Each structure stands twice: as structure tokens, then as C-alpha cells.
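Sequence and predicted structure are below.
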Amino acid sequence: MPATHEVLNQPPPLIDYDVADDPALLDALVREEAGWAADDVRALGRLAGSAQAREWGRLANEQPPRLHTHDRFGHRIDEVEFHPAWHSLMQVAVGHGLHAAPWASTRAGAHVARAAGFYVWGSTDAGHTCPISMTYAAVPALRHSPELAARFEPLLTATEYDPGLRPPLSKRGLLAGMSMTEKQGGSDVRANTTRAVPTADGRYRLTGHKWFTSAPMSDLFLVLAQSPDGAGLSCFLLPRVSQDNERNDLSFPRLKDKLGNRSNASAEVEYDGASAWLVGAEGRGVQTIIDMVNMTRLDCVLGTATGMRSAVVAAAHHCHYRAAFGRLLADQPAMANVLADLAIESEAATVVAFRLAGATDRAVRGSEPEAAFRRLALAATKYWVCKRAPGHAAEALECLGGNGYVEDSGMPRLYREAPLSSIWEGSGNVAALDVVRVLARSPGCVSALLDELSLAAGADQRLDDAIARLRKELADPAQERARRLAEAVAVCLQGALLVRHAPPAVADAFCASRLGGDWGYAYGTLPANLDFASIIERATPKIAQPSGKTQDRLDLRQNPRSIFRTYA
């Protein structure tokens, strides 16, 4: 090699590290009753940080799914072809129970353990977590019809990835998707025009068009359609293939060409008398499917926390090795301020995500106070945390300079993905207006939130002052103030959790900036007297030092261990 091609001052590849080596995550596992899953989460973290898993994520995004509407003879088939890397990612996710497995477990913390696996494994690729999330969220909605739940839930919770178009009950495991949005209505699903007509066998025939269908190659879909005789919007379970091995009457005109989420297919769908079962009562479709929507909200927060953690880990890793102007970037005061600010945002997202996962777990097991807390806190957190993601990804990318703007770094993939969770199930205003709705109609939810915040009373004056302001603001839930109210709820909750559970350096920095107002308009504007080094250290990954030896590559698809098999 010519001397000009000698590679100097570049970090080693960010591979072969434990993604789950995350203090905020590991502490939350214990705190939220899932400490029993720590060893399995750490094992999954090592798989997620391996060279092979990172390569699967790259390939799945660089070779996106393709829609085949017809076979070579002209028969309509409407099949989506995925790269083998996608199936490898899916096999690990399903095999480790990151989809619907916790619904089959009665152990305390099962939903938290699943959240931890979702958070860790999602770092490999965000796109494939969409069908994983949909399947998780479908179960509580399906339970509105006990007969359907009894038939399909055991297969939805099974840890067997079984792709391919076959009758649902003939498969070893099932995945679920969701079809709500139509082109004329968007988030206003009551404007849907897809209609359902009952048949003599007790099913319904659906006719209409959906603008977005998540995970079109799923086995089952929850679909909203208008019931006859003015009954209103109802929820239906629609199989891709009938038990007679006949393809249902639906077709995919096209896949969406999306900003991010490249590895995952999202489709438009046409129903031409497609057969489906009614889920829940006629005219109660929104109330039925809202259980699914609320579960996907939790995954929006978790997925965003994953993206933030991935971004700040990549930035901290780069700056830990890259030197400029005579010092490592991480030791430069200006860069240290940026990295610490990004790390604080990430840790705040993680700690609140797992508090909500714990609330979900306890609500599922019958805790009314936790259900009330979750109802308000999840809507506010979904709004705020997801809204923070694009700016966070952009700043982390900039830490790598021009290297971060190049696809090889992986940072552009994080940046493109960042807006999705804020848009999913209804963009920012939908979540913010839901906060206003809860404040106006559910005083028990407000009390539950204030009880949670009171646990941090007296720990930090800046937090106490912010909560006092919030109490006054909650009394005026006007729609014009929806976003400010959602923000105030979420930021106070993050502050209260960090003051109680994070190291003093992290909590002090958060309260000084986000609550105390000693902060600029961009990341990297924290007060100068904070302990940047301690904050950054929590976000800096520990990788195996290059040894010159070639490591054997693991085949992660072989016998994945579900964190639920042992503890169900």
C-alpha cells in the first residue's frame, strides 16, 4: 500500500460488544421486577453487538423487500420477498420471545423482560421490530373475543418463526399486522369507508382500501371497517390464508417507498370481499383496537430509546478514539458537553421507557393504580420522547463529522428512522391531544401521576419547582396548550425518575438543563460545571481490542433461547 493509504486516527469497528451493558437498562430490570431475566438479556446483548448481527441489519436495509404481484404465469400472488438477513433477524427476535411471548407468562416482570429484549435487539435493525411489536400488541385486542383468542393466541405467543403463506392453524407460530389508516382520513379513523357485510357462516366480507398496512406478510391482521345498518366502526380479524388453504381476497397495489424503516414492508391493501371475524362488539372497533394502539405506544418509546442509545454509543465510541487538535475528541471540553447532553437525553428516555414497561406489566396483572398512571404517562411520554429523536440523531451523527454522513457509519440509518415513532399510530398532536383528553376526563389518572412525582419530593429544588408549575398547568387542559402540557408531564416524570434512580451527575445535569433552564437551544449547551466525564463513561461501549486474530462468526439462528421458556 502507498504510504498515503495508511489508516490512522480512526476508531476500531463498533462490533463484538454487549449492547445490554447499559447501566440504566440493567438497573431498571431489577427495579421493575425482571432481574431474573438479566443473564438472558445480557446474552442477547452480546448477540446484538456481534459482527454477524450487525451485518444482518445492514443487508436487510440495503436489500429491502420486493413486492411480487403476479407469478410468471400471470396468477395474482401478492407476495413480499425479503432478504435472508431479514429472516435471520426475525428468527432471533421471535425465538427469544420478543413478540407476544409474555402474554403466555404469569411471572412478575415478564413484560419488562420482553421490553429489555426489544430494546437490546432492536439496535440491530429497527424495521423488523415492526411485526414483532404488532404481534405483541394484537393479543390484548384479540381478547375482546375469547373464542378467537383461544384459537390463535397460543400460536401468536409461540417462540417459533414460521414464515410463508399457509393456513394459520397449520403453522408453528403466527405474526400479526394492523390495518387502520385510509387515505381520506389518516388518523381520523372514524372517516374510514371500508365496509363489512355479514355472511351466513358468522363471518364478514370486507371491501375497501387501506393506505398503510403494517407487516403485509403477516398471518393475521386487525382491521377497522364500517359495520352495516349504521352500527359504526368495528374491528375484525382477517387471515391472509383461509383454513382451506385459499388465499383471502386481498391484494397489495404497492409497497410504500419510505424515508426510513427500509428493511420492513409497509403496503397499501385492497379488500375485495375478504373474509374476516368480528372482534369485540359491532360499532366498538375503536375501543377494541385501542388496546393494540396503546401497546404499540410503549414500543414507540422503547424503540426511540433504543435509537437514542445506539446513536450516543456510536458517537461516544468514535470520540473515545478519534483525536483532533492534540487531544481525543472526548476530552475536548466542547465535544464533552455535546456527548454528555446526548447521553442525558438517552438515559432519560430509557429510564422512563422502563418505568412504563413496569407499569404495563403490573397493569396487566390487575393493578388499577398502575393502569391509571400508565394511561396519562404513556401518552405524554410517547409525544415527548419520540419528538426528541430526530434532533438527537442529527447531533450524534455530527459527532462523527463527514464520516457520520456516510452510509457505512450506520448513522444515516438511525437518522432516517428517527421520525417514525412520532408519526406511528398518530403523529405528535394525536398523542398530545390524548393527554388533554385524559386530564379533562380522568382525574384518577392525574392523581396517579402526581403520586408518582411526589416520590421524588425534596430531592432537588429545581424538580420541586417544575412539579409545582405542572400542578397549576394541569388545571387548564386546553387543546391549544396540548403540546406544552404533554412536554411538562413527560419532562417532570423523567426528572423525578432520574433523581430517584440515576447517578447524581446524570440527575443534576438533567435538572439543571431541562428543568432549571440553564440550557441553550442546541445539544452541547449544558452548564460548564457538570461532571461530563462520568456521564459520558456510562455511554461509552466496551469493545474487544483488535488482536489481529480472526474470530469465528456465530450463527445466531441456532437454538435461540427464549427468555420466557425458563420463566413462564
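Perfect, thanks for sending it. Fair warning: this is a prediction, and the values are worked out from it, not measured in the lab.

How about the secondary structure of residue 357?
Assigned by DSSP: H, G, I helix; E, B strand; the rest coil, the conformation of residue 357 is helix.

what's the closest non-adjacent residue to it?
Of all residues not flanking residue 357 in the chain, residue 115 sits nearest, at 3.8 Å (Cβ to Cβ, 6 or more residues apart in numbering). Bear in mind the C-beta positions are built from the backbone N, C-alpha and C, glycine included.

for the helix or strand hosting that neighbour, what is the average pLDDT?
Per DSSP states H and E: residue 115 is located in helix 110-121. Helix 110-121 carries an average pLDDT of 98.

Run through the neighbouring helices and strands of it.
Other helices and strands packing on helix 110-121, by 3 or more Cβ pairs under 8 Å, 6 or more residues apart in numbering; DSSP states H and E, are helix 23-31, helix 38-48, helix 129-142, helix 285-321, helix 333-364.

I'd like to know which elements the second one is packed against.
Under the contact criterion of 3+ Cβ pairs under 8 Å, 6+ apart, the helices and strands touching helix 38-48 comprise helix 23-31, helix 110-121.

winner for burial among those?
Of all the helices and strands packed on helix 38-48, helix 110-121 has the most neighbours on average by mean count of other Cβ atoms under 10 Å, namely a mean of 29.

Now the nearest residue to residue 9 once chain neighbours are set aside: phi and psi?
Distances taken as Cβ to Cβ, 6+ apart put residue 323 closest to residue 9, at 5.7 Å, once the chain neighbours are dropped. The phi/psi pair for residue 323 (degrees, to the nearest 10) reads phi -110, psi 150.

which strands and helices sit next to the longest strand anywhere in the chain?
For the chain, the strand reaching the highest residue count under DSSP state E is reported as strand 266-279. With contacts taken as 3+ Cβ pairs under 8 Å, 6+ apart, strand 266-279 sits against helix 129-142, strand 204-214, strand 220-227, strand 232-239, strand 250-251.

So for that strand, what gets flagged as buried?
For strand 266-279, a neighbour-count test (16 or more other Cβ atoms under 10 Å) marks 266-271, 274-279 as buried.

just these now: which is nearest residue 375?
Closest to residue 375 out of the buried residues of strand 266-279 is residue 279 (21.8 Å), distances taken as Cβ to Cβ.

Would you mind measuring from that closest one to residue 145?
Distance from residue 279 to residue 145, counting by Cβ to Cβ, to the nearest Å: 5 Å.

overlap in contacts of these two?
Shared contacts of residue 279 and residue 145, defined by Cβ atoms under 8 Å, 6 or more residues apart in numbering, are found at residue 237.

before we move on, back to that, looking at the helices and strands packed on helix 110-121, spot the one closest to residue 426.
Using Cβ to Cβ, the nearest of these to residue 426 is helix 285-321, at 8.0 Å.

ok, residue 355 to residue 516 distance?
Distance, residue 355 to residue 516, by Cβ to Cβ: 22 Å.

I'd like to know which of the helices and strands packed on helix 38-48 is closest to residue 180.
Closest to residue 180 of those is helix 110-121 (Cβ to Cβ; 21.7 Å).

angle of that closest one against helix 129-142?
Helix 110-121 runs at 160 degrees relative to helix 129-142, counting by axes from the mean of the first three to the mean of the last three Cα atoms, to 10 degrees.

Quick check: residue 142 touching residue 154?
No. Counting by Cβ atoms under 8 Å, residue 154 is not a contact partner of residue 142; they are 11.6 Å apart.

More neighbours: residue 355 and residue 516, which one.
When residue 355 and residue 516 are compared for neighbours, residue 355 comes out ahead with 26 against 18, by other Cβ atoms under 10 Å.

mind listing what that one touches?
28, 32, 377, 493, 497.

just residue 256 next, same as before
Applying Cβ under 8 Å, 6+ apart, the residues near residue 256 are 212, 266-268.

make it 7 Å
With contacts taken as Cβ atoms under 7 Å, 6 or more residues apart in numbering, residue 256 has the following neighbours: 212, 266-267.

Wasn't residue 178 part of a strand?
Yes. With three-state DSSP as the criterion, residue 178 is located in a strand.
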